[in-house]
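>>> here is my input, please return the structure:
(chains A and B)
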Amino acid sequence: MVLAGVLSMAAMPAWSQTSAYRAPRTADGKPNLNGIWQANNTADWNLQGHAAGQGPVAELGAVFAIPPGLSVVEGDEIPYLPAAAVKQKENRANWVKMDPEVKCFLPGVPRATYLPYPFQIVQSRENIMIAYEYAGAVRVINMGAPTKAPADSWMGWSNGHWEGETLVVDVTSQNEDTWFDRAGDFHSDALHVVERYTPRNADILNYEATIEDTKVFSRPWKISMPLYRRVEKNARLLEYKCPEFTEEILYGHLRKKGSK
Amino acid sequence: MRHLVESAFTATILTLLFAPASSFAQAPATKKAWTPPRTPDGQPDLQGVWTNNTVTPLERPKGLGAKEFYNESELAAAIEKERKRLGQAEEEGRGTEPGTAADVHYDFSQFGLDRAQANLAWNRRTSIIVGPEGLIPPLTPEALKRRAERRARVKGHEFDGAESLSLSARCIARPNVGPPLLPAAYNSNLQIVQAAGYVVIESEMIHDARMIPTDGRPHLDKNIKQWMGDSVGHWEGNTLVVDTTNFTELNPYVDAQNLHVVERLTRVDADTVLYQFTVEDPGMWTKPWSGELAMTRLQGQIYEYACHEANYGLANTLSGARATEAEAAKNAAAGRK
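The predicted structure follows:
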C-alpha cells in the first residue's frame, strides 16, 4: 500500500503537488510576482530535446558549442503543417544568417521569457510591465478591460487577468519576424500565445505558453518550464543594448575600405 | 543628412491632440500645495503616460538676458507665434529651397512630427535651464582639450562605418532620454510604472525602460558603465528623487567623465508632473546646472519604437557616403586624363 502511494505520487507532474501554494500578496491583494526572473534551460537553443552539438564558430570550441537539453514542448512535438516543416528545416540550416536574435532584433513572446538573460516584472494595479535585459525589450500588460492592438509589433499586444494564483496573458498582434529559438522554429503573423505564470514557491514561477497559429501549425501546442528568481541581494537588470554588437554583420559591407 | 540618419523608426503614430494650455503655465513656485493620489502601497502615484514635449528651449535665447519668465501677455504672444511657426509644413518652420538636398526630408505637418500637433506644456519659463544665465556653463579647460582631441581624431572619418555615426542613428541611445529627460523633436512620450520598491520610466524612444530601485540600495560597482547610467531613487515627501551615476563617456554628454545627475519628479496636479534636474561633472563644466519643465498627461499610450529593427537610415547614410567617395574618385580619375 505504502509503495503504491509513493509510485502514484511519482507519476504526478512535478508541480501539481504545489498547486495549493498561495503567493504573498501585493498591497492591492494580487499574487505578488514582482522581481527579477530567469529561465535556466537550453530552450533558446532548441525548444525540443537535443543532444550537445558543434557550435557555429569552430574557433570558439567548447565556449560556444550547443549545450544539450531536455524538451520544453509538451509531447516533444511541434505540429508543423507540411510546408511549414520545410521552412523550419531551411531556417535551421541557415540560422546564423536568419535568426533575429543574432541581429539583436526584439524577441517577441514567448522567446523573450527563456532567452538566457534575466527579466523583471513590475506589477502595478493598472498594468504589469515586463522589462527584459536582452535588447532592452519591454512590454506593458494591460490588466484592465481587454483592448485591441492598434498595429502589429515585435512584442505584440498583451491583455492580462488573474485566475486564482495565476497571471494569464493573452498575446496577439505579433509580427511574423520573430522566432521561437535558434533551431529555426518560427510562426506567422497569425500567432496567438496564451501565457500562464503561476507561483510555485517564493522563488519559482511555473511558466506555460500555449501557442496557436493556423498558418503554421496543425493544432495548438504548449511549452512549460520553471522560471527562477534571481535571489542575489543586489540583483539588477543591466543594460544589454546589443545593436552595437551586430553592426559588423549588418553594415560591415558598407564600411569605407581600410577604415578598420 | 540629419533627416536621413534620424529616420529609423517604424511606429511613430502619435496621439494627435490639441491640448489646452496646461495649468503649468504658472510658475511652479506659485502653485498651491496639492495632495497627489497614492499607489496601494502608499507611494505618491506618478504613474501614467506623459509627454515632456515643449517649445521652451533648453538654453535661454540671446537677448533675453537674465529674464527667467515671460509675463502672461508675453506668454500668450509666444504661444501664438510658436503655434504658427510649428504649424508650417517645414521642420519647425525653417523653410528650405525646393530642389536642394536640404529640401529632402519629412513633411513635418504629417504623422505628428511637428510638435504643435501633440500635447504641449506651456509654461512661463524662457528656458528649461533655470537661473539668471539660463545657459549650460562653460566647459573646463580640460574638457575643451578632450573635445578638441576627439574632434581631431574623427575629422575626415565621420562616415567610415556604423560606429562613426551618432548613438541615435545607431539606435543605441538617444541623448535626450538622458538622464536628464529632455524633449525631442517628436515622440517625447514616456510611461511611468510603479511597484513596491521600484519606479520605471519607459521612454518611447528607444523603448528604454529605466529601472529605478527605491529600496535604499547603493549604485552599481563603478566599473559597470551604462549608456543611461545607473539610477537609484528615494522619496522625499511627495517627490521622487533619482540619483544617476556610472555613465559612459559618450552619452548623454560626450566627453563627460564623471557625470552625476539628480532628478526630482513631483506630481503637482492631476495632469502634470514637475520635472527638475541638476547636472554636474566638475571635470566637464565650470559649475553644476539645473533645469525644470513640465510633463503633461497624454491620453494615449506608448507605442513600440522598434528602431534598430528597421534602421534603413544607417545603411543609407553609409551607402551614400560610399557612393559620394566613388563619384569623387571617378571625377578625379577623369581629371587626370
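>>> any regions of the stretch 51-200 of chain B where pLDDT drops low?
The stretch 51-200 of chain B contains residues with pLDDT under 70 at B:86-96, B:102-119.
>>> what average pLDDT does whichever helix in chain A runs longest get?
When chain A is parsed with DSSP state H, its longest helix is helix A:82-93. Per-residue pLDDT values across helix A:82-93 average out to 98.
>>> and the following helix or strand past it, which residues are buried?
Using DSSP states H and E, the helix or strand that follows helix A:82-93 towards the C-terminus is helix A:95-98. Buried residues in helix A:95-98, counted by 16 or more other Cβ atoms under 10 Å in any protein chain shown: residue A:95. Yep, even glycine has a C-beta here, placed from its N, CA and C like the rest.
>>> now do the next helix or strand after helix A:95-98: everything it contacts.
Sequence-wise, the next helix or strand beyond helix A:95-98 is helix A:111-114, with elements assigned using DSSP H and E. Under the contact criterion Cβ atoms under 8 Å, 6 or more residues apart in numbering or on different chains, helix A:111-114 has outside partners A:39, A:41, A:43-44, A:72, A:101, A:119, A:130, A:132, A:134, A:137, A:139, A:155, A:178-181, A:195, A:207, A:209, A:225, A:227.
>>> mind listing what's buried in helix A:111-114?
Neighbour counts using 16+ other Cβ under 10 Å place A:111-114 of helix A:111-114 among the buried residues.
>>> can you pull out the helices in the stretch 101-250 of chain B?
B:141-154 (DSSP state H, counting those that start in this stretch).
>>> for it, what lies in contact range of chain A?
Residues of the stretch 101-250 of chain B lying near chain A by Cβ under 8 Å from any Cβ of the partner chain: B:157, B:159-163, B:170-173, B:191, B:193-198, B:200, B:202, B:206-209, B:211, B:213, B:217, B:220, B:224, B:226-228.
>>> can we see that at 6 Å?
B:160-162, B:171-172, B:193-195, B:198, B:200, B:207, B:209, B:211, B:226 (Cβ under 6 Å from any Cβ of the partner chain).
>>> identify, from those residues, the entry nearest to residue B:132.
Of all these, residue B:132 sits closest to residue B:226, with 34.1 Å by Cβ to Cβ.
>>> that closest one touches residue A:240, doesn't it?
No: if you go by Cβ atoms under 6 Å, residue B:226 and residue A:240 don't touch, sitting 9.9 Å apart.
>>> ok, these two, which is more surrounded?
residue B:226 (20 against 17; other Cβ atoms under 10 Å in any protein chain shown).
>>> so what pairs up with the more buried one in the strands?
Taking DSSP bridges as the rule, residue B:226 bridges to residue B:247.
>>> per-residue pLDDT of it, please?
pLDDT, residue B:226: 97.
>>> just the mean pLDDT for stretch A:156-176, thanks.
Model confidence over stretch A:156-176, given as mean pLDDT, is 98.
>>> contacts for it, please.
Residues from elsewhere that reach stretch A:156-176 (Cβ atoms under 6 Å, 6 or more residues apart in numbering or on different chains): A:23, A:31, A:108-109, A:139, A:141-143, A:146, A:149, A:152, A:154, A:188-189, A:191-199.
>>> among those residues, name the ones in strands.
Judged by DSSP state E, strands contain the following of the contacts of stretch A:156-176: A:139, A:141-142, A:192-199.
>>> residue A:123 touches residue A:30, doesn't it?
No: with contact defined as Cβ under 6 Å, residue A:123 does not count as touching residue A:30 (7.1 Å).
>>> the two: who's more crowded?
Set residue A:123 next to residue A:30 and count neighbours by other Cβ under 10 Å: residue A:123 wins out with 24 against 17.
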